[in-house]
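Peer 1: Quick one, fold the following:
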Amino acid sequence: KNEGEFNNYWINTSGNDLIKEILSRTGTQAKRELEDLMTGQSITAPLQEQVVFQEIENSPANLWNFFYFTGYLKAVSIQKTDEGFWVELKIPNLEIKRIFSDSVKIWFQKSESNTVIPNLKNALMMGNVTEICKALRKLCDTSLSYFDASGNEPEKFYHGLVLGLMSYYSDTWHIRSNRESGLGRCDLLMTPKNPDHYGIVMEFKTMDSYEDSDLLACAKNAMAQIENRQYEQELKSQGATKILKIGIGFLGKKLEIVYQ
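Peer 2: Residues are numbered from 1 along each chain as shown. Next up is the predicted model:
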């Protein structure tokens, strides 16, 4: 590890330990790309044969090359461009996907959120709004500092929440995150595999991004976007008969929630 190259560090380091390291050290882009990988999508990165482990958090490209050369990601294709070689990467099999998922779960246990996650799942299944709000506030309080040392970047909490939902709830919902992927798409869509369970639409807004008078107005802004763009129509098209819409406003570790 002291020599800086990842081959030496890998020998005595488990995949779980590395992914936990990623969660604590990398920014929102890497977490967002990990969400894509865990939903079976591919990501692209410039191909680099030399990676310095201590600089992984400085560049998602370093991170994904690290996992590629250690066998945790596979190359779907490699393209030569004027800027060098670019590699398209995916998780190679269910066993490796399980390692990523289990590592996220271990991270949540470390952040003291492990008791909240099952409670939130049951509340979401039953549409119990009181318990959903309580669990989300608890998660924000216990988890935000683990995803962002300053505790002031709700974007990192959002991506941490999505990774947790994907890891714990994929047996109950098809979960899709559309954060920063353009107008007309909601932040989080959870399609139930069992029609007796609730379909969930979540929209997140931050106070520093909108000229709201207070945090409640910020949450109402999120709900208005859900309503105006009719995000629930996709859930209905997939057979969901019960739908819960949740708008969340953030300001540091504070959040306000409105629902319908």
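Peer 1: Burial check on Leu120, number of neighbours?
Peer 2: 23 (other Cβ atoms under 10 Å). Backbone N, C-alpha and C define where each C-beta goes, glycine included.
Peer 1: which residues does it contact?
Peer 2: Going by Cβ atoms under 8 Å, 6 or more residues apart in numbering, Leu120 touches 131-132, 135-136, 139.
Peer 1: Just the buried subset of these, please.
Peer 2: For these, a burial check counting by 16 or more other Cβ atoms under 10 Å picks out 132, 135-136, 139.
Peer 1: Closest to Leu251 out of those?
Peer 2: Comparing the buried ones among the contacts of Leu120 against Leu251 with Cβ to Cβ picks out Leu136 as the nearest, at 14.4 Å.
Peer 1: what about the closest one, distance to Tyr198?
Peer 2: Using Cβ to Cβ, to the nearest Å, we find Leu136 at a distance of 15 Å from Tyr198.
Peer 1: How about the contacts made by the closest residue to Lys74 other than its chain neighbours?
Peer 2: Excluding the flanking residues, the one nearest Lys74 by Cβ to Cβ, 6 or more residues apart in numbering is Pro92, at 4.0 Å. Contacts for Pro92 (Cβ under 8 Å, 6+ apart) come out as 71-74.
Peer 1: Confirm Pro92 sits in a strand?
Peer 2: No - read with DSSP: H, G, I helix; E, B strand; the rest coil, Pro92 is coil and lies in no strand.
Peer 1: what pLDDT does it get?
Peer 2: The model reports Pro92 with a pLDDT of 92.
Peer 1: Got the phi and psi for it?
Peer 2: Dihedral pair for Pro92: phi -70, psi -30, per degrees, to the nearest 10.
Peer 1: what's next to stretch 235-244, contact-wise?
Peer 2: 124, 127, 129, 132, 174, 189, 191-192, 195-201, 232, 259-260.
Peer 1: Sort out for me which of those residues are in strands.
Peer 2: 174, 189, 191-192, 199-201, 259 (DSSP state E).
Peer 1: Buried ones among those?
Peer 2: 189, 191-192, 199-201, 259.
Peer 1: Among the residues you listed, give me the pair with the biggest separation.
Peer 2: Thr191 and Tyr259 (18.0 Å).
Peer 1: Roughly how far does the closest residue in space to Gln41 that isn't next to it in sequence sit from Gln79?
Peer 2: Nearest residue to Gln41, sequence neighbours excluded (Cβ to Cβ, 6+ apart): Lys90, at 7.6 Å. Lys90 is 15 Å from Gln79, where distance means Cβ to Cβ.
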